[in-house]
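Visitor: Just a sequence and a predicted model for now, questions to come.
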Amino acid sequence: MNQATRGIEKEIGVLQLEEKKLIAEIKRTAKTGNEGATKILARQLVRLRQQIANLQSSRAQMRGIATHTQAMHAQSSVAVGMKGASNAMAAMNKQMAPAKQAKVIQEFQKQSAQLDMTTEMMSDSIDDALDNDEAEEETEDLTNQVLDEIGVDVASQLSAAPRGKIASKQTEDASSSGIDEIEKRLAALRNP
């Protein structure tokens, strides 16, 4: 394609030089006053220009065909690449069986949970072995000191708290009577 395009371009160049020569000759014959020869040369010039235009059109078509051919080659290369990628993905899917991967993940989660429990048990055992009553008393003293600093007296609050089991029926009665009272107030506000 490139060689044919270059051949056409060379021919166009030759014809353009011929055109310049023909124009110069037309001017010479026109100066001499030979009308017949001038008209014949003018017709030759028109035909020559038509040939140049046809060759330029052919050159453009050749370039279009070359571009189209390159695009088709690129599409073919992409198709070959896609085929290779599809084959690679299929091979990977065969190697990474989803069911097998799910089992591996479940086993990992199971072992991880077991490790967490073992670590927690060992930590508790170490804490039990190292802790003694003094550390517990020290912790309680420190907690009480912090609470005293912020103004909370836990002992007085605990002694004021009710003890024993509260009957659920009394709670329901208290909550329903509270709701009834709120509804009465709302009705009073609506009807002044």
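Guide: Done, it's in.
Visitor: Run through the chain and note the low-pLDDT ranges.
Guide: Counting by pLDDT under 70, the ranges of the chain that qualify are 127-136, 151-176, 192.
Visitor: Quick one: the helices in this structure, in order.
Guide: Counting by DSSP state H, the chain has helices at residues 2-32, 35-95, 98-130, 133-149, 154-160, 168-190.
Visitor: Dump those helices into a markdown table; add mean neighbour count as well.
Guide: Every residue, glycine included, has its C-beta placed from N, CA and C. Compiled in a markdown table, these are given as follows (neighbours: other C-beta atoms under 10 Å):
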| stretch | mean neighbour count |
| --- | --- |
| helix 2-32 | 13 |
| helix 35-95 | 12 |
| helix 98-130 | 10 |
| helix 133-149 | 10 |
| helix 154-160 | 9 |
| helix 168-190 | 10 |
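Visitor: Look up phi and psi at residue 97.
Guide: With angles defined as degrees, to the nearest 10, residue 97 shows backbone torsions of phi -60, psi 120.
Visitor: what does residue 34 give?
Guide: Main-chain dihedrals, residue 34, degrees, to the nearest 10: phi -90, psi 100.
Visitor: Just give me the neighbour total for it.
Guide: Neighbours of residue 34 under the rule other C-beta atoms under 10 Å: 13.
Visitor: Spit out the contact partners of it.
Guide: Listed by C-beta atoms under 8 Å, 6 or more residues apart in numbering, residue 34 has no contact partners.
Visitor: Could you shift the numbering so residue one becomes 200, and keep it that way?
Guide: Sounds good: first residue 200 from here, last item residue 233.
Visitor: could you measure it against residue 219, distance?
Guide: Counting by C-beta to C-beta, to the nearest Å, the separation of residue 233 from residue 219 is 20 Å.
Visitor: One more: residue 249?
Guide: Residue 249 sits 17 Å away from residue 219, taking C-beta to C-beta as the criterion.
Visitor: Next one: residue 226 from residue 219, what distance?
Guide: As judged by C-beta to C-beta, residue 226 and residue 219 stand 11 Å apart.
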